[in-house]
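[1] build the 3D model from these lines:
(one chain, ligands or ions: 2)
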Amino acid sequence: MFEKYIKTEQEDKIIEEDKIAEEDKIIEEDKIIEEDKIIEEKIVDTIKEIAEIDKEEIEVIKKVYDFPIPEYLLPWKNDDTLLIEYTSRLVNAGYDNIDLIASATVGEMVKKTGINEFLIKELIGNALQWSAFNFKTASSLYSSRSLLKKIPTMCNSLDKILNGGVEPRAITEFYGEFITGKTQICLQLAISATLPKELGGLDAKAIYIDTEGSFNPERLVQILSRWDIEPDRILDKIIVGRAFTSDIQIAMVDNMLEIIKEKDTKLLIIDSLTSNFRSEYMGKEAIYDRQQKLNKHIQQLSRIADIHDIAVVITNQVMSDMDQTNNVKPIGGNILAHGSTHRIECSKSQLKSSVRFAKIVASSSLPDAKASFEITKHGIEDV
Ligand code: GTP
Ligand code: MG
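    Numbers count the residues shown, from 1 in each chain. Ligands and ions are numbered 1, 2, ... in the order given. Down below sits the predicted model:
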């Protein structure tokens, strides 16, 4: 009996030990399962990370792959790493067009891409050899230009002297004294560029750089009441930037490539081109600096017009001209006189307060002519 008791005790001990071992095993297994879970989670995270990196890399490679400039023009074509890195930098900086690279300045490209000057010079040189800036036959130029649609002012008399409207690949300048209708013309052009085709517009986008705070959306909506259209449909297509200084104005133009490409822009308005320059550079000693800066700005506008088939419209103020018989002349001197493709002088009728005149005074293709128009609640209209 005693033996049996001992045996039972031993058995109990074994059972107890087995139980403990079993529990330990379970704990151990749980630990392993827990560790496995952690490892598994880590693997999933890593896979996710890799997938993310791959996604980014794929995006970069895609950009490079879609890059419209032939690889043999890229000075870094033989270096696989640079091919992706530098080419994506070009794309990200907006240089995905051979004409654009050909017409870029070395300094501007170095600044925007961070690629060294030596390589950029070579790239611009290569692009120049291949770009549209090479010689072309007059007939190919003629046919490519004839495909471009002018933007009508939607005022018949004005459209008649403009031969249909403001021209793409050109700078049209409206200058004149205050309240002669320059801003009203700009607003109506912005509407015309953005109106749907069935209403006579170009169904495109317009960029409006307002330097005087005269862009007034309420006035735009008022003019829009002329057409049966929801104003938001038009307002959403006019991108407005307020340029308080000439530096902001220049930066807006220099950095608008992305907007232009993405947004199907057909019209760029600067109302007015000169007021910031005029107020910041006063006095005779500042004239040289002002003109230099203005010159670069106009050249940039001209490039944008040419490369992106955009109609650039600028307004300009006047000053009294002591030496000549006509008593006002536009600001900007020869720089602007040479920079504008078409110059139109706006003036006010002495007889009827709502009537204005627009006169072609200098143009490479439009004959001298004069139109009268009226400023009404509907914008600018024939008299
Ligand atoms: P500055 O920018 O000062 O050099 O003048 P501007 O040439 O740009 O003049 P703007 O195009 O702003 O035209 C101003 C003229 O348009 C003024 O004579 C206003 O009376 C007129 N105008 C503006 N809004 C309306 C309107 O809602 N109805 C009517 N009938 N006329 C308007
Ligand atoms: Mg104005």
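[2] can you show me the strands along the stretch 151-300 of the chain?
    170-176, 205-210, 238-242, 265-271 (DSSP state E, counting those that start in this stretch).
[3] flag every buried residue along stretch 69-77.
    Across stretch 69-77, burial judged by 16 or more other Cβ atoms under 10 Å covers 69, 73-76. Just so you know, the C-beta spots here come from the backbone N, C-alpha and C atoms, and that holds for glycine as well.
[4] what's the mean pLDDT across stretch 270-285?
    If you average the pLDDT over stretch 270-285, you get 92.
[5] first to last residue in that stretch, what's the distance?
    Stretch 270-285 has an end-to-end distance of 26 Å (Cα to Cα, to the nearest Å).
[6] contacts for that stretch next, please.
    173, 182-183, 186, 208-212, 214-215, 243-246, 249, 253, 287, 289-290, 293-294, 297-298, 301, 312-317, 331-332, 336 (Cβ atoms under 8 Å, 6 or more residues apart in numbering).
[7] show me which residues of the protein are close to ligand 2?
    Proximity of the chain to ligand 2, by Cβ under 5 Å from the ion, involves residues 182-183, 214.
[8] can you redo those as JSON lines with pLDDT, distance to P367 and neighbour count?
    Putting these into JSON lines (pLDDT from 0 to 100; distance: Cβ to Cβ, whole Å; neighbours: other Cβ atoms under 10 Å) gives the following:
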{"residue": "K182", "pLDDT": "98", "distance to P367": "22", "neighbour count": "26"}
{"residue": "T183", "pLDDT": "98", "distance to P367": "26", "neighbour count": "22"}
{"residue": "S214", "pLDDT": "95", "distance to P367": "31", "neighbour count": "16"}
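[9] among the residues you listed, which ones are in helices?
    182-183 (DSSP state H).
[10] quick one: secondary structure of I115?
    Recorded secondary structure, I115: coil (DSSP: H, G, I helix; E, B strand; the rest coil).
[11] now stretch 234-252: how far from the chain's centre is it?
    Its chain's C-alpha centre and that of stretch 234-252 lie 10 Å apart, by Cα atoms, centre = their mean, to the nearest Å.
[12] mind listing what's buried in that stretch?
    234-235, 237-239, 241, 243, 246, 249-250, 252.
[13] with respect to E40, which of those residues is nearest?
    Relative to E40, the closest of the buried residues of stretch 234-252 is I239; by Cβ to Cβ it sits at 49.8 Å.
[14] after whichever strand or helix holds F118 comes which helix or strand?
    When secondary structure is defined by DSSP states H and E, F118 falls within helix 117-130. The element immediately downstream of helix 117-130 (helix or strand, assigned by DSSP H and E) is helix 138-146.
[15] just want the angle from that next one to strand 170-176.
    60 degrees (axes from the mean of the first three to the mean of the last three Cα atoms, to 10 degrees).
[16] can you name the residues in contact with helix 138-146?
    By Cβ under 8 Å, 6+ apart, helix 138-146 touches R169.
[17] what's the average pLDDT for that helix?
    73.
[18] could you export it as PDB, CA atoms only?
    C-alpha atoms of helix 138-146 as PDB (Å, rounded to 0.1, in the frame of the first residue of the first chain):
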ATOM      1  CA  ALA A 138       8.700  78.700 -96.200                       C
ATOM      2  CA  SER A 139       6.000  76.400 -97.300                       C
ATOM      3  CA  SER A 140       6.300  74.100 -94.300                       C
ATOM      4  CA  LEU A 141       6.300  77.200 -92.000                       C
ATOM      5  CA  TYR A 142       3.300  78.500 -93.900                       C
ATOM      6  CA  SER A 143       1.300  75.300 -93.500                       C
ATOM      7  CA  SER A 144       2.200  74.800 -89.900                       C
ATOM      8  CA  ARG A 145       1.100  78.400 -89.100                       C
ATOM      9  CA  SER A 146      -2.100  78.100 -91.100                       C
END
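[19] check which residues of that helix are buried.
    Buried residues in helix 138-146 (16+ other Cβ under 10 Å): none.
[20] please apply the same query to stretch 84-103.
    Under the neighbour-count criterion of 16+ other Cβ under 10 Å, stretch 84-103 has 84, 86-91, 93-103 buried.
[21] repeat for stretch 298-306
    Result for stretch 298-306 [16+ other Cβ under 10 Å]: buried residues 298, 300-306.
[22] any chance of those in JSON lines, plus secondary structure?
    Shown next, in JSON lines, are these (three-state DSSP):
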{"residue": "I298", "secondary structure": "helix"}
{"residue": "Q300", "secondary structure": "helix"}
{"residue": "L301", "secondary structure": "helix"}
{"residue": "S302", "secondary structure": "helix"}
{"residue": "R303", "secondary structure": "helix"}
{"residue": "I304", "secondary structure": "helix"}
{"residue": "A305", "secondary structure": "helix"}
{"residue": "D306", "secondary structure": "helix"}
